[in-house]
Structure formats: C-alpha cells, structure tokens
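[1] after the sequence you'll find the predicted model.
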Amino acid sequence: MWSKRIRSTHRWLSMTFLLTVVITAIAVATQDQPADWVLYLPLFPLAFLAFSGVYLFVLPYKTKRRGTVSAE
C-alpha cells in the first residue's frame, strides 16, 4: 500500500520538478537578473524526488531480503 502511494507521489513530484525547471528557464531567459529564489525553486521538488527515488530503488532489495513478494 505504501509503495503505491510513494510511487504515485514520485510521479507527481517529477511533473512538479519539470514544471519548476521550465519556469526557471523562462525566468532566466527573459530577465537580465532574476531573483535568487527563482533559481533555487527546482531544488525543493528535487530533494523530495531524491528521497522517494532512493526508497523505490531499495524497495525490491528489501522485499527480496525478507523473502516476501510485493503485491503491486
């Protein structure tokens, strides 16, 4: 159950990250000196993507080690 929620959250976070990168690229291209917070905007979803991605990466090894099969 948790793995499905984290997988879905990871997908939505990836779309959020893509959107923030596009917004940042547009802001940098259209302004001479964009605000500093605009440049750091993609880091927030990227941090959450890293945590959920590591969990999803480790999940198959964790279930294999226990000897259980994940119900997906």
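    Sure thing, it's come through. Numbers count the residues shown, from 1 in each chain.
[2] what comes up buried for stretch 21-35?
    residue 24 (16 or more other C-beta atoms under 10 Å). In short, each C-beta sits where N, CA and C put it, glycine included.
[3] determine how far that stretch lies from the middle of the whole chain.
    In this view, stretch 21-35 has its centroid 21 Å away from the chain centroid, taken as C-alpha atoms, centre = their mean, to the nearest Å.
[4] what's in contact with it?
    38, 39, 41, 42 (C-beta atoms under 8 Å, 6 or more residues apart in numbering).
[5] and what of stretch 3-18?
    So stretch 3-18 is contacted by 42, 45, 46, 48, 49, 52, 53, 55, 56, 59, 70, 72 (C-beta under 8 Å, 6+ apart).
[6] the fifth one: what's it in contact with?
    Residue 49 is in contact with 10, 13, 14, 17, counting by C-beta under 8 Å, 6+ apart.
[7] please redo it, this time with the cut-off set to 6 Å
    Applying C-beta atoms under 6 Å, 6 or more residues apart in numbering to residue 49 gives the contacts 13, 17.
[8] CA atoms only: put the host helix or strand of it into PDB for me.
    Element membership for residue 49 (DSSP states H and E) is helix 43-66. Extracted in PDB, the C-alpha atoms of helix 43-66 (Å, rounded to 0.1, in the frame of the first residue of the first chain):
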ATOM      1  CA  LEU A  43      15.600  22.200  -5.600                       C
ATOM      2  CA  PHE A  44      12.600  21.600  -3.400                       C
ATOM      3  CA  PRO A  45      10.900  19.000  -5.500                       C
ATOM      4  CA  LEU A  46      14.300  17.600  -6.400                       C
ATOM      5  CA  ALA A  47      15.000  16.900  -2.800                       C
ATOM      6  CA  PHE A  48      11.700  15.000  -2.300                       C
ATOM      7  CA  LEU A  49      12.300  13.200  -5.600                       C
ATOM      8  CA  ALA A  50      15.700  12.000  -4.300                       C
ATOM      9  CA  PHE A  51      14.200  10.600  -1.100                       C
ATOM     10  CA  SER A  52      11.300   8.900  -2.800                       C
ATOM     11  CA  GLY A  53      13.600   7.600  -5.600                       C
ATOM     12  CA  VAL A  54      16.000   6.100  -3.100                       C
ATOM     13  CA  TYR A  55      13.100   4.400  -1.400                       C
ATOM     14  CA  LEU A  56      11.800   3.000  -4.600                       C
ATOM     15  CA  PHE A  57      15.300   1.800  -5.600                       C
ATOM     16  CA  VAL A  58      15.800   0.000  -2.300                       C
ATOM     17  CA  LEU A  59      12.300  -1.500  -2.100                       C
ATOM     18  CA  PRO A  60      12.900  -4.600  -4.400                       C
ATOM     19  CA  TYR A  61      16.100  -5.500  -2.500                       C
ATOM     20  CA  LYS A  62      14.300  -5.000   0.900                       C
ATOM     21  CA  THR A  63      11.400  -7.300  -0.100                       C
ATOM     22  CA  LYS A  64      13.800  -9.900  -1.600                       C
ATOM     23  CA  ARG A  65      15.800 -10.000   1.600                       C
ATOM     24  CA  ARG A  66      12.700 -10.600   3.600                       C
END
